[in-house]
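Colleague: using only what follows, build the 3D model:
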Amino acid sequence: MALATLVTALTLIVPACTSGNAGVTTSNGVNLVKAGQLTTCTHLPYPPFQFEKDNEVVGFDVSMIDLVAAQLGVQQVIVDKPFETIKTGADLNAGVCDIAATGMTISEARKKNLDFSDPYFNATQALLVRKGVAATSIEDVKAHHLKVGSQSSTTGEEYAHSHDVDSQSFESSDAELNALRTGQVDAVIQDYPVVQHWLKDPANAEKFQLAANLETGERYGFAVKKDGNPQLLQMINKAIEQAKQDGTYEKLYEQWVGPMPTGTEGP
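Modeller: Numbering: from 1, shown residues only. You can find the predicted model right below:
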């Protein structure tokens, strides 16, 4: 397994603001909003994809985009933004960042506002409940009139609504989990890898249980400005493909997510 491409450079987080300049073009022909850095918009926290640990932003997405930054010879700098302005392309259009990396599902609606990379992660939704709650499916949730939480503007929330579940919306995954802890809701719908990360905490595993794995056929992609940065998109796709070929992808997956099932990384 070739690990020479793994990047351990410090990843910074900066306040959200516009670039204030016209940007720069690297020797690779890639447009960047600021010289010497690859600026990434994300929405914190969203473990295991991006979250803060020891005053540093880390996670699976962070490590994958570090590979792109290494190709460009720059450092990744992370900007924390609301997911709504990321998925609509507003932040990329405003020059806040070069790339969106936030465990984001590729969808036809989002393709209207963003140019997505090749899929880098296969994902499903999960139903997490407090222990003692009698539910093993979305049908049980409706039959027992359970209170359900979801993260706003996400495919998990869309899944709930498409199944006639009037879920309570929370701004972040942390707020969603806290609502489950405090009894505001009986169950939450969230991306399966995020739920698995929560359950690694013994305190969570003692109180909550995975009730159902909700197959949705979702695939995550990184995104750049619509029709605005094809060279960067090529670099991202190159980094994804190389990571899969040389073993880096599997190493990062096992580091941040867990054992990698066959086919998890997508086509």
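Colleague: alpha carbons only for contacts and neighbour counts from here, please
Modeller: OK.
Colleague: pLDDT weak spots in the stretch 1-150 of the chain?
Modeller: The model of the stretch 1-150 of the chain has pLDDT under 70 over residues 1-22.
Colleague: repeat the analysis, applying 50 as the threshold.
Modeller: 1-11, 14-21 (pLDDT under 50).
Colleague: show me where it has strands.
Modeller: 12-14, 24-25, 31-32, 37-42, 51-53, 56-58, 75-80, 99-100, 114-116, 121-130, 148-151 (DSSP state E, counting those that start in this stretch).
Colleague: need the winner for burial among those strands.
Modeller: Of the strands of the stretch 1-150 of the chain, the one with the most neighbours on average (mean count of other CA atoms under 10 Å) is strand 99-100, at a mean of 30.
Colleague: who's in contact with that one?
Modeller: 38-42, 86, 92, 222-225 (CA atoms under 8 Å, 6 or more residues apart in numbering).
Colleague: with stretch 105-116 instead?
Modeller: 87-89, 119, 155, 218-227, 233.
Colleague: just the buried ones from those residues, in ChimeraX syntax?
Modeller: In ChimeraX syntax, the buried subset of these is picked out as below (16 or more other CA atoms under 10 Å):
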select :87,88,89,119,155,218,219,220,221,222,223,224,225,226,233
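Colleague: for the contacts of stretch 105-116, which one is nearest Ala134?
Modeller: Ranked by distance to Ala134 (CA to CA), these are led by Thr155 at 24.1 Å.
Colleague: per-residue pLDDT, the closest one?
Modeller: pLDDT, the model's per-residue confidence, is 88 for Thr155.
Colleague: kindly report the same for the one 3 residues further on.
Modeller: pLDDT for Glu158: 92.
Colleague: buried sites along the host helix or strand of it?
Modeller: Using DSSP states H and E, the element containing Glu158 is helix 155-162. For helix 155-162, the neighbour count (16+ other CA under 10 Å) marks 155-160 as buried.
Colleague: stretch 92-108 too?
Modeller: For stretch 92-108, using 16+ other CA under 10 Å, the buried residues are 92-93, 95-106.
Colleague: quick one: residues contacting the residue nearest in space to the middle of the chain.
Modeller: Nearest to the mean C-alpha position of the chain, by CA atoms, centre = their mean, lies Gly103 at 1.5 Å. By CA under 8 Å, 6+ apart, the contact set of Gly103 is 46, 49, 61, 220-222.
Colleague: if you set the cut-off to 6 Å instead, what comes out?
Modeller: Tyr220 (CA atoms under 6 Å, 6 or more residues apart in numbering).
Colleague: and Val58, by the same measure?
Modeller: So, once contact is read as CA under 6 Å, 6+ apart, Val58 ends up touching 50-51.
Colleague: please repeat the previous calculation with a cut-off of 8 Å.
Modeller: 11, 49-52.
Colleague: over to Ala211?
Modeller: 126-129, 135-137.
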